[in-house]
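1. Need coordinates for the below:
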Amino acid sequence: MSKTYKATGINLKTQVLGESDRIVTILTREFGLIRAVAPGARKHNSSLGGRSGMFVVNELLIAKGRSLDKITQAQTLKTYPGLAKDLGKLAAGQYLAEIALCQALSEQPQEELYELLNEHLHQLEILPKAETSAIYASLALGVFQLLVLAGLTPQIQVCCLTQGSLKPDFANPNWQVGFSVPTGGVICLEAWESLRRKREIEKWENKEYSEFSPSVNSSIPSYETVVHRQEIPVISYRLSAREFALLQQLPQPEIMQIDGIRDNGWLSIEQILRQYAQYHLGHSIRSATLIDSYFAANHDATI
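-> Have a look, this model is predicted:
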């Protein structure tokens, strides 16, 4: 980059610097994640005041600095005022921004990530008011697509144990499927239970053998056969047929109809994707606590 450069970016994080400045973390199309000073942005009559706020998209002229770059000009292209008017939408937007920050690279073009984040912020903004479940559905879709872009797609169509296709059984009211966060996807519970029982039998047989087998002369070398056994995955969640059907819709958002978006099962899907994202990205999502508070305050409206 030269001493000054142009970039188009969205503000994802701000912090105070000195008496009147701000440091803004910006996701740009051209250069990925950058941190730049917005000089005088906290002054009452500053032209950078509103332009350095959260979720503001600007066309920027930035001067290179030794430690931090400096914004010299900013022309606002888009804002998301609807997010600030609804706590649930705002919390969901911050949630998505945190995930984008976790996966964004610096000094590399990030056009796909930039476009995807803006698309989901727009979808959140235009949601009808008082649609709590719709916020969860939109958030789940955004998280899923960001994970796909990061190369962390959870396996939700086939079993991680058997690699067999899985479909929800709506005819059986007790049908469930497992989801393993460490393993990375869904688990057929019948296959999981079969593997668990097999391991228990092997453990018992090995114990019996060690107790009753004759002692072996220690001077005679022993030869062991190393057997690579399939590990028993941890079942992090159990999903009903309805919840599993919602999860399987995420790769095809065009089939998420209005009634489906209003389904309260999206709360469970968001919880699963949250834990999955935190585990595989290695970062906690702080804004998730705002989502939890929002749900608690609006619980009566979602049941």
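2. Next, the nearest residue to S180 once chain neighbours are set aside: secondary structure please.
-> Of all residues beyond its chain neighbours, the one nearest S180 is P233 (4.3 Å), with distances taken as Cβ to Cβ, 6 or more residues apart in numbering. Quick note: C-beta positions are derived from backbone N, CA and C, even for glycine. Counting by DSSP: H, G, I helix; E, B strand; the rest coil, the backbone at P233 sits in coil.
3. got it, and the one 5 residues further on?
-> R238 falls in the strand class when you classify it by three-state DSSP.
4. before we move on, the earlier item: residues in contact with the residue nearest to S180?
-> C160, L161, G178, S180, P182, T183, I187, W192 (Cβ atoms under 8 Å, 6 or more residues apart in numbering).
5. Apply 7 Å and report the result again.
-> C160, L161, S180, P182, T183, I187, W192 (Cβ atoms under 7 Å, 6 or more residues apart in numbering).
6. just checking, which of those belong to helices?
-> Among the contacts of P233, the members found in helices (DSSP state H) are W192.
7. Could you export the contacts of P233 as TSV, including pLDDT?
-> As requested, the contacts of P233 are exported to TSV (pLDDT from 0 to 100):
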residue	pLDDT
C160	96
L161	95
S180	98
P182	97
T183	96
I187	97
W192	95
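8. hmm, which of the contacts of P233 are the buried ones?
-> C160, L161, S180, T183, I187, W192 (16 or more other Cβ atoms under 10 Å).
9. Excluding chain neighbours, what is closest to the fourth one?
-> Of all residues beyond its chain neighbours, the one nearest T183 is P233 (4.1 Å), with distances taken as Cβ to Cβ, 6+ apart.
10. Distance of the one you found relative to H280?
-> For P233, the distance to H280 equals 15 Å [Cβ to Cβ, to the nearest Å].
11. One more: P173?
-> Counting by Cβ to Cβ - P173 and H280 are separated by 32 Å.
12. ok, those two, which is more surrounded?
-> More neighbours surround H280 than the other of P173 and H280, with 17 against 8 (other Cβ atoms under 10 Å).
13. Regarding the more buried one, what is its secondary structure?
-> Going by three-state DSSP: H280 is helix.
14. Let me see the contact set for it.
-> Here H280 is in contact with L152 (Cβ under 7 Å, 6+ apart).
15. Can you read off the pLDDT for it?
-> H280 is assigned 96 on the pLDDT scale.
16. One more: G184?
-> On the pLDDT scale, G184 is placed at 97.
17. And for stretch 281-293, what's in contact with it?
-> A91, A92, Q94, Y95, E98, I99, C102, Q103, R274, A277, Q278.
18. Between the two ends of that stretch, what distance do you get?
-> Taking Cα to Cα, to the nearest Å as the measure, stretch 281-293 stretches 23 Å from start to finish.
19. Low-confidence stretches in the stretch 201-303 of the chain?
-> Within the stretch 201-303 of the chain, the ranges that satisfy pLDDT under 70 run 205-230, 255-262, 299-303.
20. how about stretch 151-167: buried residues?
-> Under 16+ other Cβ under 10 Å, the buried positions of stretch 151-167 are L152, P154, Q155, I156, C159, C160, L161, L166.
21. Spatially, what comes nearest to the second one if we skip its sequence neighbours?
-> Spatial nearest neighbour of P154, chain neighbours left out: G185 (4.9 Å); criterion: Cβ to Cβ, 6+ apart.
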